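Participant: sequence and predicted structure, then a few things I'm wondering about:
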Amino acid sequence: MAEFVGAIDQGTTSSRFMIFDHSGNEVGRHQLEHEQILPRAGWVEHNPVEIIERTNACLQSALNATGLSASDLVALGVTNQRETTVVWNRRTGRPYYNAIVWQDTRTDRIATALEREGKGEIIHRKAGLPPATYFSGGKIQWILENVDGVREAAENGDAIFGNTDTWVIWNLTGGVQGGRHVTDVTNASRTMLMNLETLDWDDELLGLFGIPRRMLPEIQPSSSVDGFGSTLAHGALGGEVRITGDLGDQQAATVGQVCFAPGEAKNTYGTGNFMLLNTGTELVRSESGLLSTVCYKFGDEPVVYALEGSIAVTGSAVQWLRDQLGIISGAAQSEQLARQVADNGGVYFVPAFSGLFAPYWRSDARGAIVGLSRYNTNAHLARATLEAICYQSRDVTEAMSKDSGVALDVLKVDGGVTLNELCMQIQADVLGVPVSRPVVAETTALGAAYAAGLAVGFWTSTDELRENWNEARRWEPTWDEAQRDEGYAKWKKAVERTLDWVDVE
């Protein structure tokens with residue numbers, strides 16, 4: 001009898017496959033990084049072929065390491081880096097271009113033109129999103145306009161689009177031999193092309209970007225018995241497994257954190273930071289720079305919405321210290337280095353490498369380190385980097401409180417950066433509320449597993465999932481109000497220094 005659920009987590013810097021038991025405990029995993037392709041300033045790409053090869057390798061390695069096989073998995077869930085755009089040929093399976101990553105800013109002229117022409121209000125009203133480089137619609141338009149042959153292939157039905165969930169599912173379910181061209185409502189809600197009320201592609205929105213409807217995948221619920229197909233018997237898993245869950249990574253983490261009631265929120269710390277607040281079946285439209293988005297849809301149940309604060313650069317700022325500056329050899333060393341100083345020494349680092357996302361939405365911003373004196377060391381910069389993660393989260397928390405009228409009383413956190421004890425303490429200090437990390441910190445993969453397992457009855461209800469959640473660590477605030485206010489005021493001053501740096505036509 002199958003006793004486990006598998007979850008593919010296709011992220012920004014790596015792909016992983018994790019296996020969970022009925023209690024939500026990790027049974028096995030394998031993870032592989034993929035190349036970050038940076039052709040020019042502001043451009044970020046991935047190789048889609050490398051992504052599916054690494055995903056397949058993770059599937060095989062995790063099963064081999066645990067001694068399990070496909071027959072031991074009751075279902076498979078998929079979660080993914082959202083907005084990252086792949087366009088490929090359905091007949092050959094070959095991508096026309098590298099995947100354009102959510103961080104990429106090459107579409108700033110497209111976004112700016114939409115806003116200037118008064119189209120931004122249409123997108124915001126229908127899709128819940130501002131015109132921004134972040135989302136998939138502009139990336140598809142860029143490929144159609146700049147890659148030879150794609151426009152014609154799209155018109156005749158050969159060129160098809162998907163975020164990386166669609167690309168992975170299409171390949172796992174057969175590829176050129178009948179692979180399922182599907183996505184779920186959470187990923188579709190990140191394209192600027194789906195109407196949040198109808199949960200379908202919107203012809204007016206498609207027209208704004210010049211995108212043929214036949215390029216787009218079929219939209220399914222996040223948890224669905226029949227919506228996503230099955231893996232091939234001769235594929236990477238070595239057997240047929242039903243794919244019954246699909247969510248964008250931040251919505252998956254919300255499910256993994258069991259934020260099923262309106263007013264419950266979580267913050268995921270990965271390449272970027274993403275805070276989601278469950279608003280229930282009510283579509284709340286933000287007035288404070290947040291996104292209205294789909295939180296999840298389980299089968300035939302009503303759709304659940306969320307407010308989201310998306311932050312482009314947090315964990316990747318630590319990677320920048322490692323890869324570009326070379327002042328640390330690994331992410332864990334950032335904590336050791338930052339602990340060498342008691343405070344930031346007056347240094348503030350705003351890592352606006354791809355502009356600023358929520359709540360500012362300024363593609364003209366670029367990164368800045370301010371407040372430097374000869375007194376400062378690399379330890380102060382490491383500390384300022386951790387503080388930047390936390391201050392950006394406070395920006396989002398403030399906006400969320402304005403929109404929802406709900407004051408945060410505790411922040412549930414997950415993701416790789418939560419292993420940095422100092423960073424989590426700073427987060428509690430900056431917010432002035434406790435920070436809580438669950439036993440299973442990788443809640444993105446867990447949420448995909450939950451969605452898949454719910455569809456097939458492996459878990460019977462969200463109440464059963466709540467019983468699986470356990471706190472591993474809690475950080476209480478130690479700063480007084482004056483210290484907190486002074487630090488945040490200086491952070492806001494530093495943010496101002498990043499604005500109007502790039503001229504956007």
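Facilitator: Received it, and whenever you're ready, just let me know what you need. Residues are numbered from 1 along each chain as shown.
Participant: so who does the residue of the chain most remote from its centre touch?
Facilitator: Residue farthest from the centre of the chain, counting by Cα atoms, centre = their mean, is residue 374 at 37.9 Å. With contacts defined as Cβ atoms under 8 Å, 6 or more residues apart in numbering, residue 374 is in contact with no residue. C-betas here are computed from N, CA, C, even on glycine.
Participant: now it: how far from residue 325?
Facilitator: Taking Cβ to Cβ, to the nearest Å as the measure, residue 374 falls 18 Å from residue 325.
Participant: and what of residue 472?
Facilitator: On the measure of Cβ to Cβ, residue 472 and residue 325 end up 31 Å apart.
Participant: secondary structure element for the closest residue to residue 81 other than its chain neighbours?
Facilitator: The shortest distance from residue 81 to any non-neighbouring residue, by Cβ to Cβ, 6 or more residues apart in numbering, is to residue 12 (4.5 Å). Assigned by DSSP states H and E, residue 12 belongs to neither a helix nor a strand.
Participant: for residue 444, see how far away residue 12 is.
Facilitator: In this structure, residue 12 and residue 444 are 11 Å apart, going by Cβ to Cβ.
Participant: then residue 256?
Facilitator: Distance from residue 256 to residue 444, by Cβ to Cβ: 6 Å.
Participant: need the residues touching each of those two.
Facilitator: Both residue 256 and residue 444 are contacted by residue 414, under the criterion Cβ under 8 Å, 6+ apart.
Participant: so residue 227 sits right up against residue 183, yeah?
Facilitator: No: taking Cβ atoms under 8 Å as the definition, residue 227 is not a contact partner of residue 183, at 9.7 Å.
Participant: please identify which of these two sits among more neighbours.
Facilitator: residue 183 (31 against 23; other Cβ atoms under 10 Å).
Participant: if I look at that one, how far off is residue 429?
Facilitator: From residue 183 to residue 429 the distance is 39 Å (Cβ to Cβ).
Participant: any residues in contact with both of residue 12 and residue 444?
Facilitator: Here residue 12 and residue 444 have residue 270 as joint contacts, going by Cβ under 8 Å, 6+ apart.
Participant: more neighbours, the two?
Facilitator: Legend: neighbour count by other Cβ under 10 Å for residue 12 and residue 444, higher for residue 444 (31 against 22).
Participant: which stretch of helix or strand covers the more buried one?
Facilitator: Using DSSP H and E, residue 444 falls in helix 443-456.
Participant: what do you get for residue 110?
Facilitator: Per DSSP H and E: helix 108-116 holds residue 110.
Participant: again, but for residue 412
Facilitator: Element membership for residue 412 (DSSP H and E) is strand 411-414.
Participant: ditto for residue 191
Facilitator: Using DSSP H and E, no helix or strand contains residue 191.
Participant: which ones are touching it?
Facilitator: Residue 191 neighbours (Cβ under 8 Å, 6+ apart): 83, 127, 135, 136, 137, 140, 163.
Participant: follow-up on the earlier one: remind me what whichever helix or strand comes after the strand holding residue 412 packs against, helices and strands.
Facilitator: Once the chain leaves strand 411-414, the next helix or strand it forms, by DSSP H and E, is helix 421-431. For helix 421-431, the elements it packs on are helix 331-338, helix 378-404, strand 411-414, strand 435-438, strand 471-475, helix 481-496, judged by 3 or more Cβ pairs under 8 Å, 6 or more residues apart in numbering; DSSP states H and E.
Participant: which other helices and strands does the helix holding residue 444 contact?
Facilitator: Contacts defined by 3+ Cβ pairs under 8 Å, 6+ apart place helix 443-456 against strand 4-10, strand 14-20, strand 73-80, strand 243-248, helix 249-256, strand 265-269, helix 462-466.
Participant: to residue 40, which of the ones you listed lies closest?
Facilitator: In terms of Cβ to Cβ, the element of those nearest to residue 40 is strand 14-20, at 23.6 Å.
Participant: I'd like the mean pLDDT over the helix holding residue 444, please.
Facilitator: For helix 443-456, mean pLDDT rounds to 95.
Participant: what's the answer for stretch 13-28, then?
Facilitator: The pLDDT scores in stretch 13-28 average 94.
Participant: got the buried residues for it?
Facilitator: Neighbour counts using 16 or more other Cβ atoms under 10 Å place 13, 14, 15, 16, 17, 18, 19, 20, 24, 26, 27, 28 of stretch 13-28 among the buried residues.
Participant: determine which two of the residues you listed are furthest apart.
Facilitator: Most distant of those, by Cβ to Cβ, are 13 and 24, 24.4 Å apart.
Participant: low-confidence stretches in the protein?
Facilitator: Counting by pLDDT under 70, the ranges of the chain that qualify are 1-2, 504-505.
Participant: residues in contact with the closest residue to residue 415 other than its chain neighbours?
Facilitator: Of all residues not flanking residue 415 in the chain, residue 269 sits nearest, at 3.9 Å (Cβ to Cβ, 6+ apart). By Cβ under 8 Å, 6+ apart, the residues touching residue 269 are 314, 315, 389, 413, 414, 415, 416, 417, 418, 423.
Participant: swap in 10 Å and give it another go.
Facilitator: Contact analysis of residue 269 by Cβ atoms under 10 Å, 6 or more residues apart in numbering lists 253, 311, 314-315, 389-390, 393, 413-420, 423-424, 427, 437, 441.
Participant: about what we covered before: and the contacts of whichever helix or strand comes after the helix holding residue 110?
Facilitator: Using DSSP H and E, the helix or strand that follows helix 108-116 in sequence is helix 120-127. The contact list for helix 120-127 (Cβ under 10 Å, 6+ apart) reads 111-115, 129-132, 135, 137, 188-198, 202, 204-205, 208-209, 285-286, 291-293.
Participant: quick one, what contacts residue 146?
Facilitator: By Cβ under 10 Å, 6+ apart, residue 146 lies in contact with 97, 106.
Participant: for residue 70, see how far away it is.
Facilitator: According to Cβ to Cβ, residue 146 stands 41 Å off from residue 70.
Participant: with residue 26 instead?
Facilitator: 19 Å.
Participant: what do you get for residue 280?
Facilitator: The separation that residue 280 has from residue 70, given Cβ to Cβ, amounts to 37 Å.
Participant: same deal with residue 331?
Facilitator: Taken as Cβ to Cβ, the span from residue 331 to residue 70 is 33 Å.
Participant: between the two, which one's more packed in?
Facilitator: residue 70 (20 against 16).
Participant: which residues touch the more buried one?
Facilitator: Contacts for residue 70 (Cβ under 10 Å, 6+ apart) come out as 2, 6, 59, 63, 76, 230-231, 233, 235-241.
Participant: who wins for most neighbours among those?
Facilitator: For these, neighbours tallied by other Cβ under 10 Å; top is residue 6, 31 neighbours.
Participant: surely it touches residue 69?
Facilitator: No: checked against Cβ atoms under 10 Å, the pair residue 6 and residue 69 is beyond contact range at 11.1 Å.
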